[in-house]
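In: Need coordinates for the following:
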Amino acid sequence: MLHFLLIAPYPQIAEIIENANAIRPSISTAILSGRLEVAMSTELWKAIFDWGTVVLIGLTFAFGAGALITGNKLSERQDEQSKQFEKDLTDAKTALGAQQERAAIAEKSLKEVDAKTEGFRLAIAQANERAAKAQGSLATAEQHAAEANAKAEGFRLDIAKANERAASANEIAERERLARLQLEARLADRIITPDQKRRITEAFAPMKGQTMDVVIPGDTPETSRVAEAIIGCLSDAGVLLNVFHPFSGGGAQGVVIGVRPDATEGDKRAGTQLFAILRETLGGGVGLVDFDKIVVGGTGNGGSTPGAAPSGKSPIRLQIAPK
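Out: I've put the predicted structure just below:
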């Protein structure tokens, strides 16, 4: 291809090349045979110079073509690099724009956050201020509370002392009241109501025909009235009686009832009912004692209901003494 490029536009060069080709065998033969002489003809030198010229021209065109081709390749590569650079530059600008947009958004968000933070800071400062005021109010309230507690403690002590004095006064008043009641009770007659009398008669009705021993120590009018009321109920129930009046009361007081341990359940129930009925009005002036503690006998006088069993054989003993 290089040979074609050199021959086509330059006919003189083609002629020089043909002449060189024509003398090439002669030169080669002379050199090989050793017969070449130092003094060469003008034509031979001309041919040599022409050949050198051709070679130089060929090299010149070869390097020119190479420079042209490599220049084109380099230009294409530079164009590609330029296009790639422009593309990268465009992409970088696009990315930079997006980055700048994101930076603007971030900066806007940061400003909003700063604004909110400032609002929070102000709110916190206000809250701290209110807390400080509340703390001061709390301290004042605690001081007032302490003072109030101290006063309340003083009042409590005063109240405790007053209560103590009142309790002492109440105790004294209660003792005086009890003493008065006891005095009144001692002075007042014992009372057996009509309803009590009716219930006593009903309680002893099952013991009709049985015998009871009744001991009446003392002969005060009040004792006689109480004895007559109780004995009347027993007589109305049909109970037979052994009544004994000892000359010496032996310090007996109140109404006491004794039931023989081997008495029937009905007799025991009658004695218990008599105790409960009399207690309604006599209170502590009536009680239950052992059967043998009520003594029937000794110096005194008495009488019995016709048909009554001998003294000491009855299932129940009743003693009616002064209060």
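In: Report the secondary structure element holding residue 213.
Out: For residue 213, the host element (DSSP states H and E) is strand 211-215.
In: That strand pairs with which strands, and in what direction?
Out: When pairs are called by DSSP bridges, strand 211-215 turns out to pair with strand 240-246 (parallel), strand 316-320 (parallel).
In: can you give me the helices in the stretch 201-323 of the chain?
Out: Using DSSP state H, counting those that start in this stretch, the helices found in the stretch 201-323 of the chain span residues 221-236, 265-282.
In: Mind listing what's buried along the longest one?
Out: Judged by neighbour count (16 or more other CB atoms under 10 Å), helix 265-282 contains these buried residues: 267-268, 270-271, 274-275, 277-278, 282. (Glycine included, C-beta is placed from N, CA and C.)
In: Likewise for stretch 244-263?
Out: 244-246, 249, 252, 254-260, 263.
In: And those, which two are furthest apart?
Out: 249 and 263 (26.2 Å; CB to CB).
In: between the strands paired with strand 211-215, which gets nearest to residue 180?
Out: strand 316-320 (25.8 Å).
In: what residues does that closest one touch?
Out: Contacts with strand 316-320, where a contact means CB atoms under 8 Å, 6 or more residues apart in numbering, come from 207, 212-217, 223, 226-227, 230, 252, 255-260, 263, 267, 270-271, 274, 291, 294, 296.
In: Averaged pLDDT, that strand. What do you get?
Out: Averaged over strand 316-320, pLDDT sits at 96.
In: The strands paired with strand 211-215: which one's closest to residue 149?
Out: Using CB to CB, the nearest of these to residue 149 is strand 316-320, at 64.5 Å.
In: From the contact counts, what lies against the helix or strand hosting residue 124?
Out: Per DSSP H and E, residue 124 falls inside helix 42-187. Where contact means 3 or more CB pairs under 8 Å, 6 or more residues apart in numbering; DSSP states H and E, helix 42-187 is packed against helix 2-7, helix 11-33.
In: Could you tell me the least trusted of those helices?
Out: helix 2-7 (a mean of 42).
In: bridging residues for the closest residue to residue 230 other than its chain neighbours?
Out: Nearest residue to residue 230, sequence neighbours excluded (CB to CB, 6 or more residues apart in numbering): residue 320, at 6.4 Å. In this entry, residue 320 is beta-bridged to residue 255, by DSSP bridges.
In: how near is residue 320 to residue 139?
Out: Counting by CB to CB, to the nearest Å, the separation of residue 320 from residue 139 is 80 Å.
In: What of residue 61?
Out: For residue 61, the distance to residue 139 - CB to CB - is 109 Å.
In: if you count what's nearby, which of those two comes out ahead?
Out: Remark: of residue 61 and residue 139, residue 61 carries more neighbours, 15 against 10, as counted by other CB atoms under 10 Å.
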